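>>> Here's a sequence, model it:
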Amino acid sequence: MSLRMGANSKVHIGLIGCGGMGAANLAAAARHPDAVVTGVCDVWKSRRDAILEKYKKTAKPYHDFREMLASKDVDAVIIATPPHWHALQAILAAEAGKDFYLQKPMTIYLAEALAVKRAAEKHGRMTQIGTQIHAGANYRRVVEWVRSGALGPIPVVRTFLAANQGPEGIGNAPAGDPPKDLDWELWVGPAPMTRCHPKMIESAGPNCSFMQFSGGYTPGMAPHIIDLPYWALDLGFPLTTTATGGRFVVRDAGDAYDTQQVLWQYPGLVMTWMLSLVNGYSFDFQREGMGRGLGVYFHGERGTLFANYGEHRIVPEGDRMKGVEKPKETIPPSPGHEHEWIDSILSRKPPSCHVGYHYKIDAAIALANIAFKLGRAVRFDPAAEKIVGDEEAARLARPQYREPWKFPENYL
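Numbers count the residues shown, from 1 in each chain. As a prediction, the model looks like this:
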């Protein structure tokens, strides 16, 4: 890591995955006065070259992410590839001595979440998960309200994402050959080989329609939303997870569920997740039309606080919050999610959404998809960090990588 040891040196940043989110993360990181972009990697040449053009004075192109990780010109990497690649690339980055910013979902499988966390710890890496809403002022104010005790005991939390894709979903364009300058073998990587569909490679949103590459829209969006109750209530692993739903209305080229309901049991409270891709009704956050809505409800003994990304409101239970004053602002503003990460690399102090914080959120979502697939409750032992009493569920918690890729079992 000698490149950043000198008094006038900067953190040398590389990007793996040159889609929309990766480009945005890189641009934000590059604005940090102590960072410089030195590498751009993607298996889709035209997409890579478009980003490289913006940083051509300092950055080198890479086709294979392993070449970038081996480079002494890169200190830290932003990983913004499709989710099926996240775990392996993050672990290999940690082993290569690279700090990493990892887009959400952190992983798809429970075993991947545990392995990434343990790899980051073992190799002493500074990490940040791309739940950028965490850096906003609104979430901070909600956390202060909840932690103040003004709502009283909170036994129920409800979270939701509502949208309406209509029966057509992402459409029914046929799968076919990948673009000529896209290395399809390396894009698919550890996932089962399949034909290329234009929506798989378009962007993160429609990619959520393909289970093997994303795990569905719950891993795609819940990391942003359930992050708020995890932060405010300092939640750990769920003890029991149940989930139900299905693919009831959408008939498109994908295979992901369009409806999912999840119930997580924690000590002293339950939290629910409601996902709908067939109805956009957003409860207290309803707007005109069919746009996406989302929110979190904290149901306390004295009152309910409900929030989305940008606003929050409180509904008292009668006069039980009479005389309660707004809590003081004790959580300082963020310099920006990517800037927090750069600062952590320089200070060697973890940022707010490091892997050690976020992996419990990731694990809860992975457990939900296991329970959904099995159609029964899944129990988890937080102390042992493993599923208990269900061998089939435990098998589903581990990915089966396509040869020649290997899941790093040594971290389990």
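>>> Tell me which stretches of the stretch 1-150 of the chain form strands.
11-16, 35-41, 60-62, 76-79, 99-102, 127-129 (DSSP state E, counting those that start in this stretch).
>>> Please convert those strands to a markdown table, extending it with distance to L233.
Where you see a C-beta, it was placed from the backbone N, CA and C, and this is true even at glycine. What follows is those, written out as a markdown table (distance: least, C-beta to C-beta, whole Å):
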| stretch | distance to L233 |
| --- | --- |
| strand 11-16 | 33 |
| strand 35-41 | 34 |
| strand 60-62 | 41 |
| strand 76-79 | 28 |
| strand 99-102 | 24 |
| strand 127-129 | 18 |
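>>> Mean neighbour count, these: which tops it?
By mean neighbour count, with neighbours taken as mean count of other C-beta atoms under 10 Å, strand 127-129 ranks first of these at a mean of 30.
>>> So which residues of the stretch 101-250 of the chain form helices?
Counting by DSSP state H, counting those that start in this stretch, the stretch 101-250 of the chain has helices at residues 110-122, 137-148, 184-188, 198-202, 204-207, 211-214, 217-225, 227-233.
>>> Could you check how far the residue nearest to H123 when sequence neighbours are not counted is from E67?
Counting by C-beta to C-beta, 6 or more residues apart in numbering, A94 is the residue found nearest to H123 once chain neighbours are left out, at 4.3 Å. A94 is 17 Å from E67, where distance means C-beta to C-beta, to the nearest Å.
>>> Also L269?
As judged by C-beta to C-beta, L269 and E67 stand 47 Å apart.
>>> And R140, by the same measure?
The gap separating R140 from E67 is 40 Å, by C-beta to C-beta.
>>> got it, and G300?
Look at G300 and E67: by C-beta to C-beta, they are 52 Å apart.
>>> Also K60?
Remark: distance between K60 and E67 (C-beta to C-beta) = 10 Å.
>>> And F237, by the same measure?
F237 is 37 Å from E67, by C-beta to C-beta.
>>> what does W44 give?
Look at W44 and E67: by C-beta to C-beta, they are 16 Å apart.
>>> Comparing those two, which shows the higher neighbour count?
More neighbours surround W44 than the other of W44 and E67, with 21 against 14 (other C-beta atoms under 10 Å).
>>> Which strand residues bridge the more buried one?
When bridges are taken as DSSP bridges, the partners of W44 come out as L182.
>>> picking up where we left off before, which residues does the residue nearest to H123 contact?
Counting by C-beta atoms under 8 Å, 6 or more residues apart in numbering, A94 touches F100, V116, A119, A120, K122, H123, R125.
>>> circling back: so for Q260, which of the helices of the stretch 101-250 of the chain sits nearest?
Closest approach to Q260 among these (C-beta to C-beta): helix 217-225, 5.7 Å.
>>> so A70 sits right up against A96, yeah?
Yes. If you go by C-beta atoms under 8 Å, A70 and A96 touch, sitting 6.7 Å apart.
>>> From the neighbour counts alone, determine which of these two ranks first.
It is A96, of A70 and A96, that has more neighbours when counted by other C-beta under 10 Å, with 17 against 13.
>>> How about the contacts made by that one?
Counting by C-beta under 8 Å, 6+ apart, A96 touches L69, A70.
>>> repeat for P399
Neighbours of P399 in contact, by C-beta under 8 Å, 6+ apart: A87, I108, Y109, A111, E112, P190, F407.
>>> And the furthest pair within those?
A111 and P190 (12.9 Å).
>>> between those two, which one's more packed in?
Taking neighbours as other C-beta under 10 Å, A111 and P190 compare with A111 leading, 24 against 18.
>>> M321 - that's part of a helix, no?
No. According to DSSP: H, G, I helix; E, B strand; the rest coil, the state of M321 is coil, so it is not within a helix.
>>> What is the neighbour count of it?
Here the number of neighbours of M321 (other C-beta under 10 Å) works out to 16.
>>> OK, contacts around it?
Counted by C-beta under 8 Å, 6+ apart, M321 has contacts A150, L151, R302, G303, I314.
>>> How about A80?
Contact analysis of A80 by C-beta under 8 Å, 6+ apart lists L15, I16, G17, C18, G19, M21, G22, N25, Q103, G130.
>>> where's the closest residue to D183 other than its chain neighbours relative to H86, distance?
Spatial nearest neighbour of D183, chain neighbours left out: V43 (4.1 Å); criterion: C-beta to C-beta, 6+ apart. According to C-beta to C-beta, V43 stands 15 Å off from H86.
>>> Y411 contacts A115, doesn't it?
Yes. Counting by C-beta under 8 Å, Y411 touches A115, with 3.8 Å between them.
>>> what's the neighbour count on N172?
Counted with other C-beta under 10 Å, N172 comes out at 10.
>>> quick one, phi psi at it?
Dihedral pair for N172: phi -120, psi 40, per degrees, to the nearest 10.
>>> For S276, state which of the contacts of P399 is nearest.
So of these, ranked by how close each gets to S276 (C-beta to C-beta), first place is I108, at 21.3 Å.
>>> List the residues that contact that closest one.
Shown in contact with I108 (C-beta under 8 Å, 6+ apart): P83, H84, H86, A87, S214, G215, P219, A366, N369, P399.
>>> Try it again at 6 Å.
Applying C-beta atoms under 6 Å, 6 or more residues apart in numbering, we find I108 in contact with P83, G215.
>>> For F213, see how far away it is.
According to C-beta to C-beta, I108 stands 8 Å off from F213.
>>> Likewise for M274?
Distance, M274 to F213, by C-beta to C-beta: 24 Å.
>>> Which one's more surrounded, those two?
Remark: of M274 and F213, F213 carries more neighbours, 24 against 16, as counted by other C-beta under 10 Å.
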